[in-house]
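Engineer: dropping a prediction and its sequence here:
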Amino acid sequence: ECQKMRLANDHSNPVMKVLIRTLALILFTATPSVSLAQSDSGQPDTALREAAGLYADGQTALASENFERASMNFSQSCDLGYSAACVDAGRIFLDHLPSTVNDAKARGKFVRGCILRNADACRGLAPLMQRGVGGPVDKDGALDIYNMLCEANAVDGCALQAILIANKLSAATDDSSRNAIYSLARTSYFKACDLGAADACVDAGAYAAEGRGGPKDGALAVKYSQRACEGGEIKGCANMGVFARDGFGMAGDNGVAKSHFSKACDGGVAIACSNLGTLWMDEAATAKTKTAALVLAFIAFEKACKGNDPMGCSNLATAYYKGDGIAKSYPSAMQFAQKACELDYANGCYTQAVMYYTGEGVTQDIFQFRIWATRACDKGHAQACTNIGMLYLQGKGGFARDMRKARQLLKQGCDGGYQRACSELADLEPAREQT
């Protein structure tokens, strides 16, 4: 299946196919900037000395910001087999002399340098192929380059390889293909993390925790997420908070979890703020300093909502509705419940529905209740489904009695885990159903 996807995306670029075959043989035995003695160009010593002189002239021109002259010197040196010149020529064309024509020139120089075994040239070439800069889009060709960089233990090659592999998920049409892609991405993320890429460690930890591309592994999830966190990747800290809270791969410890969540929240990870707030709410239920815990929960939920975390906005709405950690404010509760609903969070929609039903902070409006309760139910809110079902069952609140709809909605509520719905459903006799 993967081979079929590969052929379907083939851009039939003969130059790149030759390049890939060449690189497959050499496997980047050279250092990132290949020295003159290591050149694979086959040029005679006279040509190599000329290339070195042109390269030195290019560096002089570059230092004086004479980019036209520098690009010419580097290009000529590159053509004579000096691979570092290919890299510098490509970068000048892209960074200092941008144009469609020069994009193509940059790509050509990176191709030349990559054939000459210069890993930096290959690094420059792959993203151009990936985005279609200076030539056709060739994501598979870019992936081939990242594969070989990764095989040569280049950390960026493994990290980018993993990302490109994971991006293929959108084209996968069955579970077998998706699992194969996850497995390849998992291997790449693990290797990139082991080579020191902290950003890849975030994904490596998530793959291990969720069992993507392989078995769930709490120990690996903690190992990679901790590396990410210690390497400055705040999302790794957020995940460490989850593991500490849930006792996954490590001892459960809410104090440790709060420390990780707090660090991630301060670093701008909104969901970590939500999780931190929830822990403070749990503590408020038993703590002697209940008010202090509620205030800390409110602060965390406020940060989460500012970061557009839907659960944070919903919890912030509840805090305003109940007056937990802040003065009670129905208008504010409605404001943040609406935002949570707009962010596709069912409980936010349901809070709006309840306020319209009771008339708290707004004019009582059964029609609006029906709209928002239905939206919450459609998003999987079991209690919302149950309450609408009861109104149909009883024929109250502007709802005409309808046993069929009542049974359907109560079943949705029961299937969603709301026990009252299950009890009401059990009490319904088939004879009472109206067709």
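Structural biologist: Happy to help now that I have it. Residues are numbered from 1 along each chain as shown.
Engineer: where does pLDDT dip in this structure?
Structural biologist: Judged by pLDDT under 70, the chain has its weakly predicted residues at 1-44, 287, 429-435.
Engineer: what segments of the stretch 251-400 of the chain are helices?
Structural biologist: Taking DSSP state H, counting those that start in this stretch to define them, one finds helices in the stretch 251-400 of the chain at 254-266, 270-284, 290-306, 310-322, 330-342, 346-358, 366-378, 382-394.
Engineer: return the most buried member of those helices.
Structural biologist: Mean neighbour count (mean count of other CB atoms under 10 Å) peaks for helix 310-322 among the helices of the stretch 251-400 of the chain, with a mean of 25. C-beta: built from backbone N, CA, C; applies to glycine.
Engineer: helices or strands up against that one?
Structural biologist: helix 270-284, helix 290-306, helix 330-342, helix 346-358 (3 or more CB pairs under 8 Å, 6 or more residues apart in numbering; DSSP states H and E).
Engineer: could you give the angle of the first one to helix 290-306?
Structural biologist: Direction vectors for helix 270-284 and helix 290-306, defined by axes from the mean of the first three to the mean of the last three CA atoms, to 10 degrees, enclose an angle of 160 degrees.
Engineer: CA atoms only for helix 270-284, dumped as PDB, please.
Structural biologist: Provided in PDB are the C-alpha atoms of helix 270-284 (Å, rounded to 0.1, in the frame of the first residue of the first chain):
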ATOM      1  CA  ALA A 270      -3.300  26.500  27.600                       C
ATOM      2  CA  ILE A 271      -4.400  22.900  28.300                       C
ATOM      3  CA  ALA A 272      -1.800  22.700  31.000                       C
ATOM      4  CA  CYS A 273      -3.500  25.700  32.700                       C
ATOM      5  CA  SER A 274      -6.800  23.800  32.500                       C
ATOM      6  CA  ASN A 275      -5.300  20.700  34.100                       C
ATOM      7  CA  LEU A 276      -3.700  22.800  36.800                       C
ATOM      8  CA  GLY A 277      -7.000  24.500  37.600                       C
ATOM      9  CA  THR A 278      -8.700  21.100  37.800                       C
ATOM     10  CA  LEU A 279      -6.200  19.900  40.300                       C
ATOM     11  CA  TRP A 280      -6.700  23.000  42.400                       C
ATOM     12  CA  MET A 281     -10.500  22.500  42.200                       C
ATOM     13  CA  ASP A 282     -10.000  18.900  43.400                       C
ATOM     14  CA  GLU A 283      -7.900  20.200  46.300                       C
ATOM     15  CA  ALA A 284     -10.500  22.800  47.200                       C
END
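Engineer: so what's the closest residue to residue 339 other than its chain neighbours up against?
Structural biologist: Using CB to CB, 6 or more residues apart in numbering and skipping residues adjacent in sequence, the residue nearest residue 339 is residue 313, 4.7 Å away. Counting by CB atoms under 8 Å, 6 or more residues apart in numbering, residue 313 touches 301, 304-305, 336-337, 339-340, 343, 345, 348.
Engineer: and if we set it to 6 Å?
Structural biologist: Applying CB atoms under 6 Å, 6 or more residues apart in numbering to residue 313 gives the contacts 305, 336, 339-340.
Engineer: just residue 262 next, same as before
Structural biologist: Contacts for residue 262 (CB under 6 Å, 6+ apart) come out as residue 276.
Engineer: quickly note the distance from it to residue 256.
Structural biologist: 11 Å (CB to CB, to the nearest Å).
Engineer: what about residue 417, which SS state?
Structural biologist: coil (DSSP: H, G, I helix; E, B strand; the rest coil).
Engineer: let me see the contact set for it.
Structural biologist: By CB under 6 Å, 6+ apart, the contact set of residue 417 is residue 382.
Engineer: residue contacts, the residue nearest to residue 145 when sequence neighbours are not counted?
Structural biologist: Of all residues not flanking residue 145 in the chain, residue 126 sits nearest, at 4.3 Å (CB to CB, 6+ apart). Residues near residue 126 by CB under 6 Å, 6+ apart: 142, 145-146.
Engineer: again, 8 Å this time
Structural biologist: Contacts of residue 126 by CB under 8 Å, 6+ apart are 141-142, 145-146, 149, 160.
Engineer: could you say which helix or strand holds the residue positioned nearest the centre of the chain?
Structural biologist: For the chain, residue 203 is the residue whose C-alpha lies nearest the centre (CA atoms, centre = their mean; 8.4 Å). According to DSSP states H and E, residue 203 maps onto helix 198-210.
Engineer: in that helix, what counts as buried?
Structural biologist: 198-209 (16 or more other CB atoms under 10 Å).
Engineer: following it, which helix or strand comes up?
Structural biologist: Toward the C-terminus from helix 198-210 - assigned by DSSP H and E - lies helix 218-230.
Engineer: neighbour-wise, which of the contacts of residue 126 leads?
Structural biologist: Using other CB atoms under 10 Å as the neighbour test, the contacts of residue 126 are led by residue 145, with 30 neighbours.
Engineer: does it lie in a helix or a strand, and which?
Structural biologist: Short version, using DSSP H and E: residue 145 is in helix 139-151.
Engineer: immediately after that helix, which helix or strand?
Structural biologist: Going down the chain from helix 139-151, the next helix or strand is helix 155-167, by DSSP H and E.
Engineer: now do that next one: which elements does it pack against?
Structural biologist: Counting by 3+ CB pairs under 8 Å, 6+ apart, helix 155-167 packs on helix 119-131, helix 139-151, helix 175-194, helix 198-210.
Engineer: would you put the C-alpha positions of the first one in CSV?
Structural biologist: The C-alpha atoms that make up helix 119-131 are tabulated as CSV, following Å, rounded to 0.1, in the frame of the first residue of the first chain:
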residue,chain,number,x,y,z
ALA,A,119,24.9,17.3,4.1
ASP,A,120,24.2,21.1,4.5
ALA,A,121,23.4,21.2,0.8
CYS,A,122,21.0,18.4,1.2
ARG,A,123,19.5,20.1,4.1
GLY,A,124,19.0,23.2,2.0
LEU,A,125,17.6,21.2,-0.9
ALA,A,126,15.0,19.1,0.9
PRO,A,127,12.7,21.9,2.1
LEU,A,128,12.8,23.5,-1.4
MET,A,129,11.6,20.2,-2.8
GLN,A,130,9.0,19.9,-0.1
ARG,A,131,7.5,23.3,-0.8
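Engineer: residue 55 contacts residue 72, doesn't it?
Structural biologist: No: contact criterion CB atoms under 8 Å: residue 55 and residue 72 do not qualify, at 11.9 Å.
Engineer: more neighbours, those two?
Structural biologist: Neighbour count, other CB under 10 Å: between residue 55 and residue 72, residue 55 has more, with 22 against 17.
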